[in-house]
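>>> One predicted model, sequence on top.
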Amino acid sequence: MTASQDERARLLESLGGAGAGEARVAIVLGSGLGPLADEVVGAKSLPYEELTGMPASAVPGHAGRLVLGELSGVPVVLQQGRCHLYEGRTAEEASRCVSCLAELGVGVVLLTNAAGGLHSEWPVPSLMRITDHINMQGVTPLTASERGYGSPYDLELGSLIDAAAADVAVELQTGVYAALPGPTYETHAEVRMHGRFGADAVGMSTAQEALAAHAAGAKVAGISCITNYAAGLSDVEPNHEEVVEAGLEASARFALLIKAALSRLDKV
Ligand code: HPA
């Protein structure tokens, strides 16, 4: 067994022991979207230090804990804080937690992130459901032995989220997320290129998790919080403080949308 397989096996065991596999839905919270964790009913917090094999993040704005409990009556596990490839993490580490949760039987994985928007007509902050991604990170967590063909984003789950947005009158864009290695924001020329390639938003996470969770058998959906105009679309260069602040500004709307989606899921 390689070191990473061993670490993964330990995380699987710790998560299973903590009851995380009983959740129906796992939600990974991106920068500034952490406040959803405060709404969890019967919340049980699991700091990453208590979970063997859990790779933590050192990025400000990313707490390091899982929160188990219920949202809209649905058993959930929230991952508050993720690690990124640009922190020197591997694709396997960046996706380990959701992959283990999916393997434990958590059937739905909802990935959220902060992203730069490529549409100057979209207000900031706004919310975008990820219809697909372009993996520009140069790595994948998949190995030949795993399934994971096609796009990892589930169409039915996507429609359910669109319907939930309409239920609660939350404006929701849809679009393609380009996942980049980071840690720097893009150059203006890169943003123009990604736009021509078909991206609607740019960010530094999510793709590895989507691929791994899908391959492990979960239904995957993604929501980006468009926290800023991508580099070159406005006079201000993107910066992390602005990203976290805009995420917090959108967090009430985001929570409303997630809870409405979970209510719909509860009826399926
Ligand atoms: N680019 C990449 N990642 C991001 C951005 C951006 O503009 N905003 C938030 N995360």
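That came through fine. Residues are numbered from 1 along each chain as shown.

>>> Please name the bridge partners of residue 126.
Taking DSSP bridges as the rule, residue 126 bridges to residue 226.

>>> change the start of the numbering to 214 and stick with it
In the new count, where the first residue is 214, that last one comes out as residue 339.

>>> Pull up the residues of this protein that are close to the ligand.
Within the chain, the positions near the ligand by CB under 6 Å from any ligand atom are 327-329, 398-399, 415-417, 440-441, 443, 451, 456. All C-beta atoms are positioned from the backbone trio N, CA, C, and that covers glycine.

>>> Specify which member of those residues is nearest to the ligand.
Of all the residues of the chain next to the ligand, the ligand sits closest to residue 329, with 2.1 Å by CB to the nearest ligand atom.

>>> Can you classify that closest one by secondary structure?
When classified by DSSP: H, G, I helix; E, B strand; the rest coil, residue 329 comes out as strand.

>>> Give me the neighbour count for it.
28 (other CB atoms under 10 Å).

>>> Also residue 369?
A count of nearby residues for residue 369, using other CB under 10 Å, gives 10.

>>> picking that back up, among the residues of the chain next to the ligand, pick out the one closest to residue 235, please.
Taking CB to CB as the measure, residue 235 lies nearest residue 327 of these, at 29.1 Å.

>>> which ones are touching the closest one?
243, 244, 245, 246, 416, 437, 438, 440, 456, 457, 459, 460 (CB atoms under 8 Å, 6 or more residues apart in numbering).

>>> Work out for me the element the spatially closest residue to the last one that is not a sequence neighbour sits within.
Looking back up the chat, that one is residue 460. Nearest residue to residue 460, sequence neighbours excluded (CB to CB, 6 or more residues apart in numbering): residue 245, at 1.8 Å. Using DSSP states H and E, residue 245 sits in no helix or strand.

>>> measure residue 245 to residue 387 for me?
Between residue 245 and residue 387 the computed distance is 21 Å (CB to CB, to the nearest Å).

>>> Next: residue 297.
For residue 297 relative to residue 387 (CB to CB), the value is 24 Å.
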